[in-house]
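turn this into a model:
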Amino acid sequence: MSTDTPCPPLLRGIRSALGPTLLTQILQSKILLVGSGGIGCELLKNLALSGFRNVDVIDLDTIDVSNLNRQFLFRSQHVGMPKCVVASEAALKMVPPPLSSQEDAMGAKYTPYHGNVCDNSKFNVPYVQKFDLVLNALDNIAARRRVNRLCLAANVPLVEAGTSGYLGQVTVIDKSSNTECYECQPKPTQKVYPICTIRSTPSQPVHCIVWAKEMYKLCFGPNVGDSMLFEDEESLKAEKAAEEEKEEGDEGANGQEGNGTAAAADSEESGEKSTYMDLIVGLRSLLGVDNANEGDEKKVLESGDDAKRKEVLSKAHESLTALFVTEIEKQIGMDRYKTAEKVPVPVSSDDLAKCTTTITGEGEDHLLPPTERKDYAPTQIWSPSDCIQELASCFLDVATSTNQPLPEFDKDDDMAMRFVTAASNLRSYVFQIDPIQSLYSAKGIAGNIIPAIATTNAIVAGLQVLQCFHILKAQLSASSKSDGNGDGAVDDTTNLKKTCRYTYCLRDKTRKGYYLQPTTLPDPNPNCFVCRNAIISLNLNTQEWTLDMLLSRVIKKELGFQEPTILVGGDIVYEEGEDIDPSEYAINLPKKLVNLPSGGVAHGSVIRIEDYSQDLEVDVNVSHKDVWMMKADDDSGKEKVDDREEIDKFEIGGKKPVAAATAADSSDGAKDNAAQDPAAEEDDDDDIEIIVDDDTPAKDTAAVSSNGKKRKTDMEEDGNKAKKAKVDTDDVIEIE
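The predicted model follows:
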């Protein structure tokens, strides 16, 4: 496109800034976008408005009502539909119209693929090779690793990004430019749960705590619509229509694979209002919550007003009964839990009766909520009746409160934490989830939940598109060199390590006033088994060692795996983790390594060990060694036969992979200074993230490369080193 060629008004700024040649490259390039959630929606909007006309979009997910507050390409009528389909249609409408017959002939195509990027039958190396570059907007490590490996194998540049609250980063991965890949650095443990898990099928205490925080918003929040548990008529109608359409057989359009089940996970999502919603709204009105948020400081419940007090407790009793009995029984009656390992057990009527008999102030201990009893300690575990009494006390506190308007949830607010602890524990009792949390432990989790920030997604998506411009410019330069204007060798204009940047989005500005911090792209980790094919060598006696010995002494103790999966010859011989029956592979534990299935482990065998709880994988090259010597006890320097137990006779060569730090290891924030790559686990999809250390905020730490040396940045002056934001978290909960 020359400067004389007509240009759509929206693209004139890009042509002026980047030049007509690069704009032509943009118009003709073919882009693959994986993920169309929080970051993905922003990316599609940016790509369309920047002139990209040929984009494929892959996403497995469907639209949930909770997506609507930050994934701005979706509307309530889209609930239940595939994200990639709706987002592609919306983005296509934003593409500037063609002004020339040549552009018109090209046509703009935003092609959605509602499927799993891990499906090798559809999305493989030949498929990826068709694209000029790939953009990641994913929310889980497994898919990120999959795309990372596809792009390395296809030698196609990948623009990786992620966000965590106010923090985010963008990097470029390119094999030919010798940059660090996504798996060059170990990743912290990540846990990702769809919203239906939180609302309908919790299995861990943290699920219940997230639910309780949303219930706090529903009962006391300034805006009832901010809670993901809130139901309005418009969204319910849309969800009901989507459910009816699915029942008519249009399964593909409503995403019955993968996360599509989230669209119909509970009563709200099937278009029917839950049994508790109207009661909670009525309780809010009775407590004066809405009036309080308008600045009315008048107490709802005055001292001595027994009639009003009974009314508050009666209404609270009705609401709690609906939450923990009626709604649960309704779901059980709908066979919601017919395949569950544990069927929920509603709270007993005797425990619920404690609500109306609860008193505050002075009185007999059994009538007081647990936090007002003489022997109270924050580490105590509350019974179901204790939780009911504590919730009743919270409702009374709100009714008598003059601290108006009511604050947002704050872990340091006494009433807020009492409510969340009691509500989450009641839910744990209902779903038979252990362990029950004390107020002290619940505070440690609840205080670390941070929501996804739409603004951060927008900033990161913008940075990704800027990196796209750099990549296309480098490809254009390489193309011109290979066409006869040069020898095609990689130089500073074609090497992405020279033209692209690893950019961090910070919550707090640097001392120079910057919120965006670019650094040079790091070198690959020489010990990365993905992009550098690094493996670990292990010497032991394969005829004497059992699988159990290998598991306990080497894999867990030496290599630090927590929930390993062990593969021999491509077949699983042992596996641990959630939803894994330990008895399934127990038969292999006492077997000698040489006698394991799939040919066993002998001299020269390679064992693949995976641990998805730590996102850690490694190939172990086993060498058989049956003669072991050790230094003699005297000072002669001679050797003698090693008389230690067999389980202590082994040698590990190469560099050990470092597993993600535990909460205890990283609690002071000082041990994560160097080695952790902040390539975000979490981007988008309505994520609520839990960071293990609450009292230590995410700090800027010195940017380092894989060899431990600090990287210089574009902003470095007078020897001052750049800072980077630590985005990786030890535990993450993502809520869609």
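
what about the longest helix in the protein?
Longest helix in the chain, counting residues (DSSP state H): helix 454-480.

could you point out which element follows it?
Using DSSP states H and E, the next helix or strand after helix 454-480 towards the C-terminus is helix 496-499.

so what does that following helix touch, helix or strand wise?
Helix 496-499 sits against helix 454-480, with contacts defined as 3 or more CB pairs under 8 Å, 6 or more residues apart in numbering; DSSP states H and E. Heads up, the C-betas are built off the backbone N, CA and C, glycines and all.

how far off centre is the helix it packs on?
On the basis of CA atoms, centre = their mean, to the nearest Å, helix 454-480 sits 24 Å off its chain's mean C-alpha point.

what comes up buried for it?
454, 456-478 (16 or more other CB atoms under 10 Å).

kindly report the same for stretch 318-335.
Result for stretch 318-335 [16+ other CB under 10 Å]: buried residues 318-328, 330-332.

burial count for the residue nearest to residue 584 when sequence neighbours are not counted?
The spatial neighbour of residue 584 that comes closest, neighbours along the chain excluded (CB to CB, 6 or more residues apart in numbering), is residue 575 at 7.5 Å. Number of residues near residue 575 (other CB atoms under 10 Å) recorded here: 16.

over to the closest residue to residue 477 other than its chain neighbours: give its phi and psi.
Distances taken as CB to CB, 6+ apart place residue 493 nearest to residue 477, at 4.3 Å, with adjacent residues excluded. The phi/psi pair for residue 493 (degrees, to the nearest 10) reads phi -90, psi -20.

how close does residue 493 get to residue 475?
10 Å (CB to CB, to the nearest Å).

try residue 82
Residue 82 is 31 Å from residue 475, by CB to CB.

and the end-to-end length of stretch 572-583?
14 Å (CA to CA, to the nearest Å).

for it, buried residues please.
By 16+ other CB under 10 Å, the buried positions in stretch 572-583 come out as 572-576.

what's residue 113 sitting at in phi/psi?
Given degrees, to the nearest 10, the pair of backbone angles that residue 113 has is phi -130, psi 110.

point out where the stretch 1-150 of the chain drops to low pLDDT.
In the prediction, the stretch 1-150 of the chain carries residues with pLDDT under 70 at positions 1-5, 66, 99-106.

can you give me the helices for it?
Using DSSP state H, counting those that start in this stretch, the helices of the stretch 1-150 of the chain run over residues 12-18, 20-28, 38-49, 83-92, 101-106, 125-128, 141-154.

if we can go back for a sec, just put the buried residues of stretch 572-583 in CSV and tack on distance to residue 343 and pLDDT.
Formatted as CSV, these follow (distance: CB to CB, whole Å; pLDDT from 0 to 100):
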residue, distance to residue 343, pLDDT
572, 30, 91
573, 33, 92
574, 30, 93
575, 26, 91
576, 25, 88
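
tell me which of those is nearest to residue 277?
residue 576 (40.3 Å; CB to CB).

excluding residues flanking it in the chain, which one is nearest that closest one?
Nearest to residue 576 is residue 563, by CB to CB, 6+ apart, at 4.3 Å.

ok, now residue 70?
Closest to residue 70 by CB to CB, 6+ apart is residue 454, at 3.8 Å.

how close does the one you found sit to residue 408?
Residue 454 is 17 Å from residue 408, by CB to CB.

what do you get for residue 395?
As judged by CB to CB, residue 395 and residue 408 stand 18 Å apart.

between those two, which one's more packed in?
More neighbours surround residue 395 than the other of residue 395 and residue 408, with 26 against 14 (other CB under 10 Å).

where's that one, which helix or strand?
Using DSSP H and E, residue 395 falls in helix 384-399.

got the angle between the helix or strand following that helix and helix 384-399?
Helices and strands here follow DSSP H and E; after helix 384-399, the next one along the chain is helix 414-430. Orientation check (axes from the mean of the first three to the mean of the last three CA atoms, to 10 degrees): helix 414-430 against helix 384-399 gives 150 degrees.

what mean pLDDT does helix 414-430 get?
On average, the pLDDT along helix 414-430 is 92.

what's the burial count for the nearest residue to residue 629 once chain neighbours are set aside?
Of all residues not flanking residue 629 in the chain, residue 639 sits nearest, at 4.3 Å (CB to CB, 6+ apart). Residues near residue 639, counting by other CB under 10 Å, number 11.

quick one, phi psi at residue 639?
phi -110, psi 160.

that one against residue 631, yeah?
Yes. At 6.0 Å, residue 639 counts as touching residue 631 under the criterion of CB atoms under 8 Å.

report the distance from stretch 320-332 to the chain centre.
Its chain's C-alpha centre and that of stretch 320-332 lie 30 Å apart, by CA atoms, centre = their mean.

what does stretch 466-483 give?
33 Å.

what's that stretch in contact with?
Here stretch 466-483 makes contact (CB atoms under 8 Å, 6 or more residues apart in numbering) with 18, 21-22, 25-26, 29, 31, 47, 52, 132-133, 135, 157, 159, 170, 172, 174, 486-490, 493-496, 499-501.

export that stretch as PDB, just CAs?
Provided in PDB are the C-alpha atoms of stretch 466-483 (Å, rounded to 0.1, in the frame of the first residue of the first chain):
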ATOM      1  CA  LEU A 466       2.600  -3.700  19.600                       C
ATOM      2  CA  GLN A 467       4.700  -6.800  19.700                       C
ATOM      3  CA  CYS A 468       2.800  -8.000  16.600                       C
ATOM      4  CA  PHE A 469       3.900  -4.900  14.800                       C
ATOM      5  CA  HIS A 470       7.600  -5.600  15.700                       C
ATOM      6  CA  ILE A 471       7.300  -9.200  14.600                       C
ATOM      7  CA  LEU A 472       5.700  -8.400  11.300                       C
ATOM      8  CA  LYS A 473       8.300  -5.700  10.600                       C
ATOM      9  CA  ALA A 474      11.100  -8.200  11.300                       C
ATOM     10  CA  GLN A 475       9.500 -10.800   9.000                       C
ATOM     11  CA  LEU A 476       9.200  -8.100   6.300                       C
ATOM     12  CA  SER A 477      12.900  -7.300   6.700                       C
ATOM     13  CA  ALA A 478      13.800 -11.000   6.500                       C
ATOM     14  CA  SER A 479      11.600 -11.500   3.400                       C
ATOM     15  CA  SER A 480      13.300  -8.600   1.600                       C
ATOM     16  CA  LYS A 481      16.800 -10.000   2.400                       C
ATOM     17  CA  SER A 482      15.800 -13.500   1.200                       C
ATOM     18  CA  ASP A 483      14.500 -12.000  -2.000                       C
END
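
thank you, goodbye.
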